[in-house]
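Asker: below is the sequence, then the predicted model.
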4 protein chains.
Amino acid sequence: MNQFGTNFRLAVWGESHGPQIGVTIDGVSPGIPLSEADFAEDLARRRSGAPGTTPRREADAPQIVSGVYEGYTTGAPLTVEFTNADTRSQDYAALKTHYRPSHADLTAVRKFGGFNDPRGGGHFSGRITLGLVAAGVVAKKMLGERVRFSTQIVEIGGCTDPARFDDLLRETAAAKDSVGGIVECRAEGVMPALGEPFFDSTESLIAHLLFSVPAVKGVEFGSGFAAARMRGSEHNDPIVDASGLTATNHAGGIVGGLTNGNPLVVRAAVKPTASIAREQMTYNLATDRMEPLEIRGRHDVCIALRAAVVVEAAVAIALEDLLLRCRA
Amino acid sequence: MNQFGTNFRLAVWGESHGPQIGVTIDGVSPGIPLSEADFAEDLARRRSGAPGTTPRREADAPQIVSGVYEGYTTGAPLTVEFTNADTRSQDYAALKTHYRPSHADLTAVRKFGGFNDPRGGGHFSGRITLGLVAAGVVAKKMLGERVRFSTQIVEIGGCTDPARFDDLLRETAAAKDSVGGIVECRAEGVMPALGEPFFDSTESLIAHLLFSVPAVKGVEFGSGFAAARMRGSEHNDPIVDASGLTATNHAGGIVGGLTNGNPLVVRAAVKPTASIAREQMTYNLATDRMEPLEIRGRHDVCIALRAAVVVEAAVAIALEDLLLRCRA
Amino acid sequence: MNQFGTNFRLAVWGESHGPQIGVTIDGVSPGIPLSEADFAEDLARRRSGAPGTTPRREADAPQIVSGVYEGYTTGAPLTVEFTNADTRSQDYAALKTHYRPSHADLTAVRKFGGFNDPRGGGHFSGRITLGLVAAGVVAKKMLGERVRFSTQIVEIGGCTDPARFDDLLRETAAAKDSVGGIVECRAEGVMPALGEPFFDSTESLIAHLLFSVPAVKGVEFGSGFAAARMRGSEHNDPIVDASGLTATNHAGGIVGGLTNGNPLVVRAAVKPTASIAREQMTYNLATDRMEPLEIRGRHDVCIALRAAVVVEAAVAIALEDLLLRCRA
Amino acid sequence: MNQFGTNFRLAVWGESHGPQIGVTIDGVSPGIPLSEADFAEDLARRRSGAPGTTPRREADAPQIVSGVYEGYTTGAPLTVEFTNADTRSQDYAALKTHYRPSHADLTAVRKFGGFNDPRGGGHFSGRITLGLVAAGVVAKKMLGERVRFSTQIVEIGGCTDPARFDDLLRETAAAKDSVGGIVECRAEGVMPALGEPFFDSTESLIAHLLFSVPAVKGVEFGSGFAAARMRGSEHNDPIVDASGLTATNHAGGIVGGLTNGNPLVVRAAVKPTASIAREQMTYNLATDRMEPLEIRGRHDVCIALRAAVVVEAAVAIALEDLLLRCRA
């Protein structure tokens, strides 16, 4: 279902080429100063425009339609909407029977009996993450300035040297191809003891949200997969003082599902954009055989670039939901 | 909170050294033949005894106390309980102030105001996963024989050659150390179109459950983190026929959050057991400084060994929950 | 929180005098023909205009902004919005300190720290029930024509003779007063065996929704409170045939929390509109004493009149949520 | 499903004649002194023995099997179990085809495909309310002594004079019949501003729980159904001071879905026990016609007598769930 959270709850809706996309957030504390301008910075981080991103241009101007009165949140559900403007739906007509590889076209047809909106991926579109970003802004305001986020692309197509990212993206675009990447989010100043051992560990909630973001195929905390290759004597983080500070942070700030006050570190693996300009062989229902497909439309060379702020939003949302439960 | 699921719902409870551990499962279809014997095989896979596992020996004999009548599930909540027998609680007395590295000792004290049960990790214990395994058995029965699981340790301490696992475990034990590992679960015959795009993708639900399992620090589907290093032309899975069969399976059987009928492949990274026999430096509240700690008690050298069946259970539970929603 | 349901889920938002009111419905089956026109009949039943209703006139024109594509529901979240037009917010300025009797003014100030939107009751307004009515339309479409609803005011101010209702309403209006009423909803053709014994009985879900409707203070099924005054030999409904048909229907179509195939009968007691034109004594924070209050604004003499379609919507929503679980 | 609550959550399980009945409570604060003895008083109020109650005698000795350590709640899930002892399952054999009027026999067979446990009503039994009573004890401890409950039978079979209750019960028993009643629960000292306007009003949560209790067919707050017969000028409760104290309490302590600090007053209508000793005509599937049925087994003449403490528990559970959300 399209809802998430217990005490800080989201409901998202909308389609890529429908009139608008929105999010309703429940559990917002009253009295938080909030206006449309507060969303600008994070929305800009998600917006296309940089090398490697789609030429589709959306203003992504948020409209607050409920939950704010005279500049402050009221405590009632907060709804933020975005109008879809720059849609070119004719691009998608051919895909009704000729299914794009690594897209949900065929599966969605099966799930929804063919009634799903195919334009721009419909409700499967990454555009739905606008609502996540908006909710992340609100969550970060509720967490307060004590919690500081730092989120970036640490790897593109296997390359870990940011100086070379732009070249790599240009080469990939020139090759009519796409490329994956890894986003790392660090949150410092996180309150200790957030999380519930079963089943709502801090890792569980963050991962639940991250894996709802299109293209995320892996999530790890702290040393993550590298931990599986370590000895306990190497991986264990010695506790240094009564605050719980540890000498190392292989745990990524979470032990036993609970935050331990050290920096929370999470990485999300983002697959290469499935839509590539290069011709691909794939099944066509109309002819009942594999045929070359050339995908039109405007697509990101590296969707990971725009996913960074979404990953940060997911972490903030999960932390705020856990914080509200914790105080409860 | 200690509950999971929408239409197939679990509630787990119990402490490592309390009288018993249990799970209540809601949403079980009526008319499934079920007896205590049906749990034997999976419980044996989780039980200790093999090299690298703890010398604590529990019979783990399940008792069905509700939801089954004359050998069949009734449709009412199904409760399975396990008695804790081989407990040695004196082992934990010293840890009340001298916090074990990479355990939740200190954090749990903070979260629960010092009232948490410290014996054997209390409710944080991996022993709670008995309930998950039991629920996994029921979920697999509900999924039916069409869905076939194959789950194994594919890596221990960086070694991917099963022939060398036993040697590695013995060396690690001799060194009074522990080691991490990676579990891979494959499910074939999964119904296509399970999952909800936002927020309950198939990956989200499986990851949510897996990250509630103690020691899991990373989860990936299909190519996972490797996908982040690939080009789209390399990663995309060409669709071969109308059933949705793909020539490759980099997606691990899930696109757009929905199962696509190809084998579901998930890997969980399990950190090395935090409790090691070797002496470690860590903070002692009693003296307010770091001091050497020697952890007594009986522990697994490689907890990943016993996690395999738990990972499989998590996948089965998530799939069954999604399947019930899908039929709904 | 502002969400309801398990498999058929609603999220409502908006304020009486905000830009718009909306509802997002999750769990809608794909392939249902749906347009704005489908909401007209039920919205008209809720609209003011008849004797005894407020002179505030709202077009209540629904806009479907997600979940419908080419005239059919897609299976993605369905969002319906209503623009608020005829608002006169200046009417409410005086109430900031002079609290209206039997309204939530004072309590809301306490709950939301004074940040709640006071205009027209803000999110507490009966106007939020527009979303319920819209969701009820969708639920009734999903239930199908087999389920037939018949809902009416059976009592106004103690009078059970519909022929006298109009006179009574006019007298009450002339007296600058308001009056309560009882709404009865009958649903025939309801599928048997809907409901879950604990805690989601059919009665529980319907009552949960009905008691969220402003002004509802009592709910009863079948004989209801009269049942408490009967003998078992009198109240019991003899079963007549294998379909479960009963000779009498004191149970109102629900036994053991489950529908039994007989007509479902529920009654909701609606208190008199709290806002009356007549002067009332009540506490004024500005002067710290009770003072006469004259409530301006436009109000219903008998809000029960407009609640009938809301009650019907609540029954339909609850039944559809249970039906989806049942098939699950 | 058999779970209730958001921040204070229950899961109940068990069958009337199964080995045991239980409840798991999640969200319990750590550090509350709790032992089996704390349940004695409320369990005694629910137990049979008085005139008008069943001759089935159960010790109802609670066993705390998780969530308490060294006499204090730990914050982990709290599980309380009760062993079923005095069962006479042979009494129910005849009912497999000859369906009792106003019981769920026939409907349950349909819902569960005939696999439901028919003994003593199985999971439909009023015996499941033991878990509610236990959870109510914990909720009342969490609410603290400030909240004072007073709950009683205010009406039996239409009679409101307690002095005549015993005579009426004896007459009814002699007539091999049963009789309904009305329970009223008052809670004083309730914190103001509990409740969420949509959909989790205080009335919604209490009614949801009450209508899951077998035999409850009506619920009203404050003046309830009588409010529907009143004028606004008569029903409105003038606010007297800044605390929100009202001169009258027709609202029963709840306005706009929120508690207002005045005494919370709720009444539940309990139908007469469906199982009566007197012969009844009802459908027999074996012969496909109505035939006289004589119900054996041991039954309450007036189940309302034992429902009082259950109603009180429901109110306490709902208030505590709302309180935890409110602090959140």
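Answerer: The structure has been received and is ready for your questions.
Asker: all contacts plus neighbour counts: C-alpha atoms, from now on.
Answerer: Fine.
Asker: mind checking the longest helix of chain A?
Answerer: For chain A, the helix that runs over the most residues, judged by DSSP state H, is helix A:304-327.
Asker: who are the packing partners of it?
Answerer: helix A:40-46, helix A:129-143, strand A:148-156, strand A:181-188, helix A:202-210 (3 or more CA pairs under 8 Å, 6 or more residues apart in numbering or on different chains; DSSP states H and E).
Asker: hmm, the second one touching chain C?
Answerer: Just to be clear, that refers to helix A:129-143. No: counting by CA under 8 Å from any CA of the partner chain, chain C is not contacted by helix A:129-143; separation bottoms out at 13.6 Å.
Asker: and the pLDDT for A:Arg296?
Answerer: Note for A:Arg296: predicted pLDDT of 79.
Asker: that should have said A:Gly121, apologies.
Answerer: pLDDT recorded at A:Gly121 is 84.
Asker: next: the one 10 residues further on.
Answerer: According to the per-residue confidence, A:Gly131 scores 96 in pLDDT.
Asker: any idea how far A:Phe225 is from it?
Answerer: 30 Å (CA to CA, to the nearest Å).
Asker: surely A:Leu209 is in contact with B:Pro197?
Answerer: No: counting by CA atoms under 8 Å, A:Leu209 sits too far from B:Pro197 to count as a contact (11.1 Å).
Asker: can you list residues touching both of those two?
Answerer: Residues within reach of A:Leu209 and of B:Pro197 at once, by CA atoms under 8 Å, 6 or more residues apart in numbering or on different chains: there are none.
Asker: and the helices and strands packed on helix A:304-327 as TSV, adding distance to D:Leu106?
Answerer: Below are the helices and strands packed on helix A:304-327 laid out as TSV (distance: least, CA to CA, whole Å):
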stretch	distance to D:Leu106
helix A:40-46	57
helix A:129-143	47
strand A:148-156	59
strand A:181-188	57
helix A:202-210	41
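Asker: and among these, the most buried is which?
Answerer: Stretch with highest mean neighbour count among these: helix A:202-210 (a mean of 30; mean count of other CA atoms under 10 Å in any protein chain shown).
Asker: check which helices and strands whichever helix or strand comes after it sits against.
Answerer: Once helix A:202-210 ends, the next helix or strand along the chain (criterion: DSSP states H and E) is strand A:216-221. On a contact count with 3+ CA pairs under 8 Å, 6+ apart, strand A:216-221 meets helix A:202-210, strand A:264-270, strand B:216-221.
Asker: now distance to B:Phe165 too, for these, in a markdown table please.
Answerer: Converted to a markdown table, the helices and strands packed on strand A:216-221 look like this (distance: least, CA to CA, whole Å):
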| stretch | distance to B:Phe165 |
| --- | --- |
| helix A:202-210 | 29 |
| strand A:264-270 | 28 |
| strand B:216-221 | 20 |
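Asker: with mean pLDDT added, can I get these in JSON lines?
Answerer: Compiled in JSON lines, those are given as follows (pLDDT from 0 to 100):
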{"stretch": "helix A:202-210", "mean pLDDT": "98"}
{"stretch": "strand A:264-270", "mean pLDDT": "98"}
{"stretch": "strand B:216-221", "mean pLDDT": "98"}
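Asker: D:Ser178: which of these is closest?
Answerer: Shortest separation from D:Ser178 across the helices and strands packed on strand A:216-221 is recorded for helix A:202-210, at 51.4 Å, computed as CA to CA.
Asker: got the angle for that closest one vs strand B:216-221?
Answerer: Taking axes from the mean of the first three to the mean of the last three CA atoms, to 10 degrees, one finds helix A:202-210 and strand B:216-221 inclined to each other by 20 degrees.
Asker: so what touches helix A:202-210?
Answerer: If you take CA under 8 Å, 6+ apart as the criterion, helix A:202-210 is touched by A:194-196, A:216, A:219, A:221, A:254, A:257-259, A:268, A:311, A:314-315, A:318-319, A:322, B:199-200, B:203-205, B:207-212.
Asker: the longest helix of chain A to strand A:181-188, inter-axis angle?
Answerer: With the same axes, to 10 degrees defining the directions, helix A:304-327 sits at 30 degrees from strand A:181-188.
Asker: any idea how far helix A:304-327 is from the chain center?
Answerer: Distance of helix A:304-327 from its chain centroid, counting by CA atoms, centre = their mean, to the nearest Å, is 9 Å.
Asker: now that helix - C-alpha only, PDB.
Answerer: Output of helix A:304-327 as PDB, limited to C-alpha atoms (Å, rounded to 0.1, in the frame of the first residue of the first chain):
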ATOM      1  CA  ALA A 304      21.800   7.800  -8.600                       C
ATOM      2  CA  LEU A 305      22.700  11.500  -9.000                       C
ATOM      3  CA  ARG A 306      19.200  12.600  -8.200                       C
ATOM      4  CA  ALA A 307      18.600   9.800  -5.600                       C
ATOM      5  CA  ALA A 308      21.000  11.300  -3.000                       C
ATOM      6  CA  VAL A 309      18.400  13.700  -1.500                       C
ATOM      7  CA  VAL A 310      15.800  11.000  -1.600                       C
ATOM      8  CA  VAL A 311      18.100   8.700   0.400                       C
ATOM      9  CA  GLU A 312      18.600  11.500   2.900                       C
ATOM     10  CA  ALA A 313      14.800  12.000   3.100                       C
ATOM     11  CA  ALA A 314      14.200   8.300   3.800                       C
ATOM     12  CA  VAL A 315      16.700   8.400   6.700                       C
ATOM     13  CA  ALA A 316      15.100  11.500   8.200                       C
ATOM     14  CA  ILE A 317      11.600  10.100   7.900                       C
ATOM     15  CA  ALA A 318      12.500   6.800   9.500                       C
ATOM     16  CA  LEU A 319      14.400   8.500  12.300                       C
ATOM     17  CA  GLU A 320      11.500  10.900  13.000                       C
ATOM     18  CA  ASP A 321       9.000   8.100  13.000                       C
ATOM     19  CA  LEU A 322      11.100   6.200  15.600                       C
ATOM     20  CA  LEU A 323      11.700   9.400  17.600                       C
ATOM     21  CA  LEU A 324       8.000  10.000  18.000                       C
ATOM     22  CA  ARG A 325       7.500   6.400  19.100                       C
ATOM     23  CA  CYS A 326      10.300   6.700  21.500                       C
ATOM     24  CA  ARG A 327       8.900   9.700  23.200                       C
END
